[in-house]
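# Just a sequence and a predicted model for now, questions to come.
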Amino acid sequence: MKTLVLVFHPDLSRSRANAALMAAAQQDTDGNVTVRDEYALYPNGKIDVAAEQQLVEQHDRIVLQFPLYWYSAPALLKEWEDKVLEYGWAYGTDGEALTAKQIMVATTAGGPESEYQPVDDGATIDEVLSPYRMMARYTHAMWLKPFVVFESMELDDAALADAGRRYREALLAE
């Protein structure tokens, strides 16, 4: 299975957790995992749609990795969705590019898991990530369980290493 990890972090030098996850994903020795730092590739926000679509077509599993910002994703991920997942390619008439592919979100949250509960008008992490689940559904892709690292800014080196190990396992799972 070929996996494409698209990392959407505006400044990886300021994120120990996302940088650790990205480094773990890059440890592929079989060549089955492709990792791309989308902000480094498109600092001006102008996405090469044809190149991104070609990469998606070449992989079986697409992983969207990003930090949660105000219960949402960084802006470039939304731009990527709007441009790359276009009508006639990802959905609509003849839009079958993602059919039967796997979609997974890998995200980091600064808060503890206890903040993502349906109490006092709160939302679960699954509810926060529901736009991505619905995107997978709409494009006829298979939605995989999200990989979430809570309290990401508080993790020590050992916890980050453990998160990286678990992330690699999730990326390579059949």
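On my side now, so go ahead.
# going forward, measure contacts and count neighbours with C-alpha atoms only.
Will do.
# Please, which helix or strand holds Gly164?
For Gly164, the element it lies in under DSSP states H and E is helix 157-172.
# Give me the packing partners of that helix, helices and strands only.
Using 3 or more CA pairs under 8 Å, 6 or more residues apart in numbering; DSSP states H and E as the contact test, the elements touching helix 157-172 are helix 16-25, strand 147-149.
# And the longest one, what's buried?
What that stands for is helix 16-25. In terms of neighbour count (16 or more other CA atoms under 10 Å), helix 16-25 has its buried residues at 16-22, 24-25.
# Contact partners for Tyr91?
85, 97, 138-139 (CA atoms under 8 Å, 6 or more residues apart in numbering).
# Filter these down to the buried ones and hand me the PyMOL line.
Buried residues within the contacts of Tyr91, by 16+ other CA under 10 Å, are selected in PyMOL with:
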select buried, resi 85+97+139
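# picking that back up, please convert the buried residues of helix 16-25 to JSON lines, extending it with pLDDT and distance to Ala73.
Shown next, in JSON lines, are the buried residues of helix 16-25 (pLDDT from 0 to 100; distance: CA to CA, whole Å):
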{"residue": "Arg16", "pLDDT": "94", "distance to Ala73": "17"}
{"residue": "Ala17", "pLDDT": "96", "distance to Ala73": "15"}
{"residue": "Asn18", "pLDDT": "96", "distance to Ala73": "13"}
{"residue": "Ala19", "pLDDT": "96", "distance to Ala73": "16"}
{"residue": "Ala20", "pLDDT": "96", "distance to Ala73": "18"}
{"residue": "Leu21", "pLDDT": "97", "distance to Ala73": "16"}
{"residue": "Met22", "pLDDT": "97", "distance to Ala73": "17"}
{"residue": "Ala24", "pLDDT": "96", "distance to Ala73": "21"}
{"residue": "Ala25", "pLDDT": "95", "distance to Ala73": "20"}
